[in-house]
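Peer 1: Any chance you could fold what I've pasted below:
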Amino acid sequence: MLRDQTKRCMNVKTETDSSDDAGSHFLKNSVLYKEFLAEREEVLKHKWIESEKAGSDIGFEKALLDWIVKHRSSWRERRMRENKLIKTPA
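Peer 2: Numbering: from 1, shown residues only. Below you'll find the predicted structure:
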């Protein structure tokens, strides 16, 4: 089920047409979407590292669940601290 939802989310762009260009531009510039992309990249890094350790591909779903349990909360806290430091005027 989760795998099907992930596939649908990844195929959203193919289902849109050119009339959604403004919405697409807004989406790509939204903070939420940027956070999603950053988190996805971390999961993919985790997948690569854990797959190397295991000697075979562990798959995205297993990597995602493992990363959420082991790393997500500290990653988000660190990211929020970094964002506050960037936004705070010197």
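Peer 1: what ranges of the chain fall below the confidence cut-off?
Peer 2: The chain contains residues with pLDDT under 70 at 1-20, 87-90.
Peer 1: Report the central residue of it.
Peer 2: residue 40 (2.2 Å; C-alpha atoms, centre = their mean).
Peer 1: Tell me the buried residues in the lengthiest helix in the chain?
Peer 2: Longest helix in the chain by number of residues (criterion: DSSP state H): helix 31-54. Under the neighbour-count criterion of 16 or more other C-beta atoms under 10 Å, helix 31-54 has 39, 42, 43, 46, 47, 50 buried. Glycine gets a C-beta too; all of them are placed from N, C-alpha and C.
Peer 1: Tell me the helices and strands packed up against that helix.
Peer 2: Using 3 or more C-beta pairs under 8 Å, 6 or more residues apart in numbering; DSSP states H and E, the elements in contact with helix 31-54 are helix 60-70, helix 72-87.
Peer 1: try it again with 7 Å
Peer 2: With contacts taken as 3 or more C-beta pairs under 7 Å, 6 or more residues apart in numbering; DSSP states H and E, helix 31-54 sits against helix 60-70.
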